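Engineer: coords please:
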Amino acid sequence: MDAKTPTRLHAPVKAKQTRGARVSGIDRAIQILDYLRENESPASAYAVAKAVGAPLSTVYAIIDDLVEKHLLQRKNDGTLWLGPRLYHYGLAYARSLDFLDVATHEMQELCREVEETVQICGRDGDHMVVMAMADGPGHFRVISRVGTRVPLNWTASGRLLVGHLPNPERLALFQKAARVSPTGHAEINAEALSDASAATLRERLSVQISESDFSVACVASPICDPSGACVATMSIVLPEHKVLQAQKRYANAVRSAAERVETVLGWR
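Structural biologist: Coordinates of the predicted model:
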């Protein structure tokens, strides 16, 4: 991986039945970890084994080994969740990313400037994922935290993240991935989403109000690599009434922050 470019998260691994037991065991372990990440909550060993589709005895043995190595942990009720060792791996990986270092610095500067919550978001397949976050100083708190994944059509960032794709690819993606949001306000028409995605990337600005959460707005700008692909977004999350009162202020601020990331990395 290029140290200056964030990599999109991988799709769940399919077990390689043609390889030896060691490789197959690694593949199964990755499937287990992927399932828990996708599920976003602890699950029983039986549920994990059923989802992975492997013999129960095989999966149970792998789970026991992962728990022993602290890659998984057992909750008090017996369910399984990601283990603390993964957190330390994640921290070490994050520290190695020039992109995330630069983007996090600009995120914190933007948070101080606008005094609102700011997030860096990336794409994880059919979803947008929060990669980093700086809480604003006020009492307003957003539900989404680092690691939160939501369908692409629910958020301003989600549309930006696929705006550089060819139209047929965007259409196919939204036809498969668009979901009705909790508020019912998010667009689900694939053609409308595809058009909006391309337009917002050209304008370097995407705004959504009450599409994923009531009374919550988001103002986002793309961070693009030299090829023009949107690899991440800078996003301000705030109460909707503030956007309605001062959208231009927030738009200018988030655009400038995203552009600074590109400039520091030599992408502009």
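
Engineer: The closest residue to residue 58 other than its chain neighbours: neighbour count?
Structural biologist: Computed as Cβ to Cβ, 6 or more residues apart in numbering, the closest residue to residue 58 that is not its neighbour in sequence is residue 28, at 6.8 Å. Where you see a C-beta, it was placed from the backbone N, CA and C, and this is true even at glycine. Per other Cβ atoms under 10 Å, the neighbour tally for residue 28 reads 24.

Engineer: Check residue 93 too.
Structural biologist: 11.

Engineer: For the host helix or strand of it, name the packing helices and strands.
Structural biologist: Using DSSP states H and E, residue 93 sits in helix 84-95. Applying 3 or more Cβ pairs under 8 Å, 6 or more residues apart in numbering; DSSP states H and E, we find helix 84-95 packed against no helix or strand.

Engineer: now stretch 260-268, how far from the chain's geometric center?
Structural biologist: Centroid separation for stretch 260-268 versus its chain: 21 Å, with Cα atoms, centre = their mean, to the nearest Å.

Engineer: same check, this time on stretch 119-127
Structural biologist: Counting by Cα atoms, centre = their mean, stretch 119-127 comes out at 3 Å from the chain centroid.

Engineer: And stretch 112-130, by the same measure?
Structural biologist: Distance, centroid of stretch 112-130 to centroid of chain: 8 Å (Cα atoms, centre = their mean).

Engineer: Buried residues of it, list them for me.
Structural biologist: Using 16 or more other Cβ atoms under 10 Å as the test for burial, stretch 112-130 gives 114, 116-130.

Engineer: try stretch 230-245
Structural biologist: For stretch 230-245, by 16+ other Cβ under 10 Å, it's 230, 231, 232, 233, 234, 235, 236, 237, 238, 240, 242, 243.

Engineer: now swap in stretch 41-48 and tell me
Structural biologist: 42, 43, 45, 48.

Engineer: Apart from its chain neighbours, what residue comes closest to the residue most central in space within the chain?
Structural biologist: Among the residues of the chain, the one closest to the centroid is residue 129, at 1.0 Å (Cα atoms, centre = their mean). Excluding the flanking residues, the one nearest residue 129 by Cβ to Cβ, 6+ apart is residue 149, at 4.8 Å.

Engineer: who touches the one you found in this structure?
Structural biologist: 40, 124, 127, 128, 129, 130 (Cβ atoms under 8 Å, 6 or more residues apart in numbering).
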